[in-house]
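1. Please find the sequence and the predicted model below.
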Amino acid sequence: MASLSQLIARPATFSFSSPRTSSNRKSRRAAVQRVSCASPGKATGGERSEPDAPKHDRRDVLLGLGALGASVATAGVLSPRRAFADPVATPDISSCGPPGPPAGRQQPRLPVDFAPPDASSSPLRTRPAAHSAGVDYVAKFNAAIAAMKALPADDPRSFAAQASVHCAYCDGSYSPEGFPGVDLQVHNSWLFFPFHRCYLYFFERIMGSLIGDPSFAMPFWNWDAPDGMRVPAMYADPSSPLFDPRRDGRHAPPRMIDLDYNGREPRFSDKQQVDHNLRVMYRQMISLSPTPSLFFGSPYRAGDDPNQGPGAVENIPHGPVHIWCGDPNQPDGEDMGNFYSAGHDPLFYAHHANIDRMWSVWKGLDARRHTDIADPDWLDASFLFYDEDPKLVRIRVRDVLDTDRLRYRYQDVPVPWTNARPTVTATPLRAGSLLTPAAQAAGAKKAGKFPITLDGATSVTVKRPVASRRSKAEKSAKEEVLVIDGIEVDRDVAAKFDVFVNAEDHSAVGSGGRELVGSFVNVPHRHKHDKHGRGIKTKLRLALNEQLEDLKAEGDESVVVTLVPQQGKGKVKVGGVKIELMN
């Protein structure tokens, strides 16, 4: 089993270690150093292609400090109690670049461990809903983003550098030390929520510092409530630094967002779209998120392959919102529609602020069951970010569990989706009638031997682990979980498939119908495409307790699962379908 210090990112261009340095070494002001490492991607190197775009290798975000040496990993020295722990550790940024700064450059200081702001002197910031922000706030926010964009690209506080942070951690820029060919990835696992919380925290601190207002808080895009289901007006002004021309022009205000977007425009009225979105939010936040593991995502430990499996909210609405915003006329759906470029759109940060808010909302829905993960491998996972000074900071998941400790909260807004429980909208199908005339007319075929390619609607009968109606106490103790295993897809492909249970005719299931129990979404990744190929392999886990109850299938021995490709048809493989009991 790998130790904590083993999972630290190593780009492939260089291989060296600087001497270990004492962690109490006297601090010196950081000198930013550019390091030349070949970017992955197409001829553009994965960079933005506009003529005026600053040339900034995404890995320079961390590599710019030059030779930090193996001391980056010294935080991974384990106590005897955790001698076999495997949390994901901070990237080994010393492994890409020459072993020392260029001539005439000051040796930069080492990363420091995160210390929370002093509550006695740091104001408690309130992040506002973007759609309700006032004129003065918008002017201040514009000034903050403009100040970041005015900084040189090699300044780690610059908008270009901050945008590259997302790319560096999610698009194959690093491989774990000791595990060549394994990518470091913060998506599709339990790292998704804490990584992005850390990211936004430092981004917000940089903004406040640049405009001289430590109380400044970033806005959140309140897409889970009717009043916020459009791109906020402040982002739609072409003269504003918040505007990004690389968005889908069809989705500019007043178009309502589709939180279940699959690449096609829904034929909904605004009221129907609101109702649909609210049912989607209920399904993802309540029906599919009864336990910490299902909400946060699957464990991802040192040495694991990436993409262990996303949590419910990372899948939807997170993924569809990215794709809905991206420009379909760009080669790879830039900006929001591809992870490598998403951070270049200021709307990205408002989107993720609301995702971060969902973490807080979810914990408040059920204080007994909705708790943070207690596994030390999650709590001790760590990342590197630049703060507002700028200095390099090592921050751990355990540092960011309490937003009050980080000195921010969210504006108190209505949460209308808690009363939007989906309903059964079509004739239920029993497992014994898998290929009824209606089912055949809907185009669903019976699955053959797995793995299968999803080139059309495919149905399979799946045996339940408990073929009887369970008591309320039994359901509270164990969740019945549908597992779609061995999902394989090209990482460059925007893909989505829906999962129906006991739907005789999936095409007849109404908006937000209960028969649709969940979906898989892949947001494209621009990637280095190394010798291991272009594909990712992951799994989808969908909680069934509440959904089987509504479908009146709790006493059935089996259920009929229908997989329907919505985007990327014929480009997704599935290795198997099963139902498990999970604590």
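-> Now that the structure is in, tell me what you want to look at.

2. What number of residues are in the vicinity of P266?
-> For P266, the count of nearby residues is 14 (other C-beta atoms under 10 Å). Using the backbone N, CA and C atoms, a C-beta is placed for each residue, glycine as well.

3. Confirm that it lies within a strand, as I assumed.
-> No. In this structure, P266 is coil, not part of a strand, as judged by DSSP: H, G, I helix; E, B strand; the rest coil.

4. Give me the nearest residue to it, chain neighbours excluded.
-> Spatial nearest neighbour of P266, chain neighbours left out: D258 (5.3 Å); criterion: C-beta to C-beta, 6 or more residues apart in numbering.

5. Next: A477.
-> Counting by C-beta to C-beta, 6+ apart, N583 is the residue found nearest to A477 once chain neighbours are left out, at 7.3 Å.

6. cool, and V321?
-> Nearest non-adjacent residue to V321 (C-beta to C-beta, 6+ apart): H351, at 5.6 Å.

7. repeat for D387
-> Closest to D387 by C-beta to C-beta, 6+ apart is V393, at 5.2 Å.

8. In this protein, where's the longest strand?
-> Counting residues, the longest strand found in the chain (DSSP state E) is strand 479-490.

9. now whatever helix or strand comes next after that one: how far from the chain's centre is it?
-> Sequence order places strand 495-501 as the next helix or strand after strand 479-490, per DSSP states H and E. In terms of C-alpha atoms, centre = their mean, to the nearest Å, the centre of strand 495-501 is set 19 Å apart from its chain centre.

10. Now strand 495-501: average pLDDT?
-> Across strand 495-501, pLDDT averages out at 97.

11. what's next to it, contact-wise?
-> Residues from elsewhere that reach strand 495-501, judged by C-beta atoms under 8 Å, 6 or more residues apart in numbering: 262-263, 319-320, 454, 482, 484, 489, 506, 509, 515-522, 540, 542, 544, 547-548, 551, 553, 559-568, 571-572.

12. Next step: these restricted to strands.
-> Among these, the residues falling in strands (DSSP E) are 482, 484, 489, 516-522, 540, 542, 559-567, 572.

13. State the distance from E580 to I487.
-> From E580 across to I487, the span is 16 Å (C-beta to C-beta, to the nearest Å).

14. the more surrounded of the two?
-> Using other C-beta under 10 Å, the more surrounded residue of E580 and I487 is I487, with 23 against 14.

15. Can you give me every residue that contacts the more buried one?
-> Residues near I487 by C-beta under 8 Å, 6+ apart: 520, 537-540, 572-575.

16. which one of those sits closest to S158?
-> Closest approach between the contacts of I487 and S158, by C-beta to C-beta: T538, at 33.2 Å.

17. Against which helices or strands is the helix or strand containing that closest one packed?
-> For T538, the element it lies in under DSSP H and E is strand 535-543. Counting contacts by 3 or more C-beta pairs under 8 Å, 6 or more residues apart in numbering; DSSP states H and E, strand 535-543 packs against strand 479-490, strand 516-522.

18. Turn the ones you listed into JSON lines, including mean pLDDT.
-> Formatted as JSON lines, the helices and strands packed on strand 535-543 follow (pLDDT from 0 to 100):
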{"stretch": "strand 479-490", "mean pLDDT": "97"}
{"stretch": "strand 516-522", "mean pLDDT": "98"}
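
19. closest to G343 out of those strands?
-> Among the helices and strands packed on strand 535-543, strand 516-522 comes nearest to G343, with 18.5 Å by C-beta to C-beta.

20. So which residues make contact with that closest one?
-> Contacts of strand 516-522 (C-beta under 8 Å, 6+ apart): 260, 283-284, 287-288, 312, 315-316, 318-320, 323, 422, 482, 484, 487, 489, 491, 493-501, 503, 506, 509, 536, 540, 542, 544, 547, 566, 568, 572.

21. Please identify the buried residues of the strand or helix carrying A146?
-> Here A146 sits within helix 135-150, counting by DSSP H and E. Residues of helix 135-150 classed as buried: 137-138, 140-145, 147-148 (neighbour count, 16 or more other C-beta atoms under 10 Å).

22. average pLDDT for it?
-> Averaging pLDDT along helix 135-150 yields 99.

23. Quick check: what element follows it along the chain?
-> Next element after helix 135-150 (DSSP H and E): helix 159-170.

24. if I pick the residue nearest to R405 when sequence neighbours are not counted, what's in contact with it?
-> Nearest residue to R405, sequence neighbours excluded (C-beta to C-beta, 6+ apart): P116, at 5.1 Å. Neighbour list for P116: 399, 405-407 [criterion: C-beta under 8 Å, 6+ apart].

25. And those, which is closest to A381?
-> The closest of these, once distances to A381 are taken by C-beta to C-beta, is D399, at 10.7 Å.

26. Surely the closest one is in a helix?
-> Yes. Assigned with three-state DSSP, D399 falls within a helix.

27. So what does the closest residue to it other than its chain neighbours look like in phi/psi?
-> Of all residues not flanking D399 in the chain, F114 sits nearest, at 5.0 Å (C-beta to C-beta, 6+ apart). When read as degrees, to the nearest 10, the backbone of F114 gives phi -60, psi 140.

28. quick revisit: name the nearest of the buried residues of helix 135-150 relative to R526.
-> Comparing these against R526 with C-beta to C-beta places M148 closest, at 22.7 Å.

29. Quick check on the contacts of I487: which are buried?
-> Among these, the ones that count as buried by 16+ other C-beta under 10 Å are 520, 538-540, 572-574.

30. Make sure C198 is indeed in a helix.
-> Yes. Judged by three-state DSSP, C198 forms part of a helix.

31. Hmm, V397 and the residue nearest to D399 touching each other?
-> No. In this structure F114 lies outside contact range of V397 using C-beta atoms under 8 Å: 10.9 Å.
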